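J.: following is a predicted model, sequence given first.
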Amino acid sequence: MTSTHSPAWSAHRKARPPSSSSVSPPPGSGPGGPWPGRLRVAVWLAPALVVAYAGYRRRWMSDDAYIYVRTVRQVLAGNGPVFNAGERVESSTGTLWQWLLVGAGAAGVDPVSAAVFGGLLLTAAGFALAGIGALRTYGGRAAVPLGSLVLLGLPPVWDFATSGLETGLATCWIAGAWLALTARPASPATSVLIGLGPLVRPDLGLVTVVFLGAQWLLVRPSWRGALAGAGAAGALPVAYEVFRAGYYGHLVPLPAVTKEASQSLWGRGLGYLGDFAHPYLLWVPALFVAAAVLPVRGGRRGPGTARAVPALAPVVAGLLCWVYVVKVGGDFMHGRMLLPGLLLMLLPVFAVPVTRVGTSAAVGVGLWAVVCAGWLRIPYAGLIGPAGIADERGVYVRHNADPHPVHHTFVGAPHHLEYTRKVWAARRSGAPALLFGKDARVAGNARAVTASYVVLGLNGSVVPLEGAALDPIGLAYPVAAHSERVRQGRAGHEKHLPVAWLAADRGAAGAGPGNLPGWVDPLRVEAARRALRCGGLAELNSSVRGRLTPGRFLRNVAGAWERTAFRFPNDPVRAERELCG
């Protein structure tokens, strides 16, 4: 953001004492001589090193991260940013993370290793940036860790320091955007950085809105400056949204359609919040942090707005993130979706000045962190809990019989191994094959191998790039994604496309009963085949499978809203009746 008068950042600097104009004051400044300077370096560096160590000790790769990897492999193979060649589907929720992995792969780095260790480095960098931002708030005063200790005591933080997902990037972006907001609010580069939120994860657009509002309050630009700042912040996200609507035909990534991110499931979401807060007794560090907040308010001298806005903005953004997660019903991975909001709320007290109250709070949180890290655990470690929430890392440790399951073998999961062997046998045979999980095989498909399996990352790893790796819940299969919910239960697993649809959509045209397993009703297959040629389903398939001409791109953009909202009955007979009349 820019202003027509002298830059607000310069004005703020003139209003502050010299010791607050940089992160590290000259040696000997501040109370106690040179020791506070060394202490401050330790305060921001030590948490970064600790989280890097803890994350490395629990390094792993989630199945959902392998969904990113297949798209990366398709891009590098020249098939475009798709999950399956010939079908324009956006299966990656974190757009920026996907393209960072593409860059790593183009440079010759294994995408799996880049996802795991790149996420770890970004997590550590995020902790360092958060510490620098907090220290900057207090000028030359010595400080002790506080909010960082809360995060370091939580096992989910260690788990998702890697995992191959975009969590590390989200941590680094949140901390970096906040540091830029506190350090250079008038800079156009700050606006650009803040605007990246929706590309890191769509729900982080909430953080972008709050931070842009905070930037406006700090700078108070003219209307031209405000428009320039908004343009800088929105240029990349808006350009990508136009590309998304035209290329994929949707306004959001396909997993958001599958998980019905616009609906409200408050009860299940509150259960997800409790599943995170109760096992670790999060109310204990919350009390200590609250006790330290009031004294911290006097940490920096200067105008009230310049002092309050950077402290309040991340708290407001973090609360909004938590409200959104609760509204949509949480997630199936324990704690994962609540970590960005928790980080945001802890940013202003990531470190606090050395005062009697601040130091006492740090000691209290530190004792809790030791107990939490050493003994407090969820009751379903290594399993899927009764509410459908999983200790995701523990599950994959068990399935792979490996304490560090980065490259999955599934030697501890016979059902996954059976499916993998069936896919590899189909690949070796060279004959077209259509596989429904581990239960059936139908010859006569047009592709080399088309396979549907609920564990999509595994499926994408074993099905060749020229084949089609599908999933019945619709994370990368648009027909399944746009079907109606069939049950309310585990987050992200509430849709299930019957096999009749897959046989109709992907099987050979006119395939008779002899080509179907005995438990598939050929009449339902024919009903599904007719429904696929009618109404919204026909338009959906044309938008993602038709040749991408300029006209098709414009039609995709024009129909993106209606297409994203389109749903059809799971039952083929009902769907045929509704879509075809």
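T.: Looks like it arrived, so ask away. Remember, predicted model here, so these are calculated numbers, not experimental data.
J.: can I get stretch 80-100 in CSV, CA atoms only?
T.: Output for stretch 80-100, consisting of C-alpha atoms alone and laid out as CSV, is shown next (Å, rounded to 0.1, in the frame of the first residue of the first chain):
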residue,chain,number,x,y,z
GLY,A,80,-0.5,-30.2,-17.4
PRO,A,81,-1.6,-29.5,-13.8
VAL,A,82,-4.0,-32.5,-13.6
PHE,A,83,-4.3,-35.7,-11.6
ASN,A,84,-5.2,-37.8,-14.6
ALA,A,85,-4.2,-37.1,-18.2
GLY,A,86,-7.1,-35.9,-20.3
GLU,A,87,-9.2,-34.7,-17.4
ARG,A,88,-8.7,-31.2,-16.1
VAL,A,89,-9.2,-31.6,-12.3
GLU,A,90,-7.5,-29.6,-9.6
SER,A,91,-6.9,-32.1,-6.8
SER,A,92,-4.3,-30.0,-5.0
THR,A,93,-5.8,-27.7,-2.2
GLY,A,94,-2.6,-25.7,-1.8
THR,A,95,-1.9,-24.2,-5.2
LEU,A,96,1.4,-22.5,-4.2
TRP,A,97,2.7,-25.7,-2.6
GLN,A,98,2.0,-27.7,-5.7
TRP,A,99,4.0,-25.3,-7.9
LEU,A,100,6.9,-25.1,-5.4
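J.: any idea of the mean pLDDT in that stretch?
T.: Averaging pLDDT along stretch 80-100 gives 97.
J.: next, count neighbours for the spatially closest residue to V200 that is not a sequence neighbour.
T.: When the adjacent residues along the chain are set aside, V200 lies closest to W173, with 4.9 Å between them (CB to CB, 6 or more residues apart in numbering). In short, each C-beta sits where N, CA and C put it, glycine included. If you count neighbours by other CB atoms under 10 Å, W173 ends up with 26.
J.: after the helix or strand harbouring W173 comes which helix or strand?
T.: In this structure, W173 sits in helix 167-183 according to DSSP states H and E. Secondary structure here is assigned by DSSP H and E; on that basis, the next helix or strand after helix 167-183 toward the C-terminus is helix 188-194.
J.: which parts of that following helix are buried?
T.: Buried residues in helix 188-194, counting neighbours by 16 or more other CB atoms under 10 Å, are found at 188, 190-194.
J.: need those in JSON lines with pLDDT, can you?
T.: Shown next, in JSON lines, are those (pLDDT from 0 to 100):
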{"residue": "P188", "pLDDT": "96"}
{"residue": "T190", "pLDDT": "98"}
{"residue": "S191", "pLDDT": "98"}
{"residue": "V192", "pLDDT": "98"}
{"residue": "L193", "pLDDT": "98"}
{"residue": "I194", "pLDDT": "98"}
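J.: what sits up against stretch 189-201?
T.: Outside stretch 189-201, the residues within contact range by CB atoms under 8 Å, 6 or more residues apart in numbering are 1, 93-97, 166, 169-170, 173, 176-177, 180-181, 184, 204-208, 211-212, 215, 229-230, 232-237, 240, 340.
J.: end to end on that stretch, go ahead and measure it.
T.: In terms of CA to CA, to the nearest Å, the two terminal residues of stretch 189-201 are separated by 20 Å.
J.: tell me the angle the top helix by length along the chain makes with helix 167-183.
T.: Ranked by residue count under DSSP state H, the longest helix found in the chain is helix 111-137. With axes from the mean of the first three to the mean of the last three CA atoms, to 10 degrees applied, the angle from helix 111-137 to helix 167-183 works out at 30 degrees.
J.: after helix 111-137, which helix or strand is next?
T.: Beyond helix 111-137 in the direction of the C-terminus, DSSP H and E gives the next helix or strand as strand 143-145.
J.: spell out which residues make up each domain of the protein.
T.: When the chain is parsed into structural domains using automatic domain parsing, the resulting residue ranges are 35-374, 414-580.
J.: returning to what we had before: need the contact list for the residue nearest to V200.
T.: Contacts for W173 (CB under 8 Å, 6+ apart) come out as 126, 193, 196-197, 200, 204.
J.: for PyMOL, write a command that selects the buried ones of the residues you listed.
T.: Command for PyMOL that selects the buried part of those, burial taken from 16+ other CB under 10 Å:
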select buried, resi 126+193+196+197+200+204
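J.: closest to A401 among the contacts of W173?
T.: Nearest to A401 among the contacts of W173: G126, at 31.7 Å, using CB to CB.
J.: so what's the closest one closest to, chain neighbours aside?
T.: Spatial nearest neighbour of G126, chain neighbours left out: T171 (3.5 Å); criterion: CB to CB, 6+ apart.
J.: wait, doesn't the one you found sit right on L342?
T.: No. T171 is not in contact with L342 according to CB atoms under 8 Å; the separation is 10.6 Å.
J.: please enumerate the helices of the stretch 351-500 of the chain.
T.: Chain-ordered helices for the stretch 351-500 of the chain, with DSSP state H, counting those that start in this stretch as the definition, fall at 356-374, 392-400, 414-429, 456-462, 478-481, 499-506.
J.: mean neighbour count, mean pLDDT and distance to I132 added to the ones you listed, as CSV?
T.: Formatted as CSV, the helices of the stretch 351-500 of the chain follow (neighbours: other CB atoms under 10 Å; pLDDT from 0 to 100; distance: least, CB to CB, whole Å):
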stretch, mean neighbour count, mean pLDDT, distance to I132
helix 356-374, 18, 96, 18
helix 392-400, 21, 98, 29
helix 414-429, 16, 90, 44
helix 456-462, 25, 96, 35
helix 478-481, 25, 96, 41
helix 499-506, 24, 90, 52
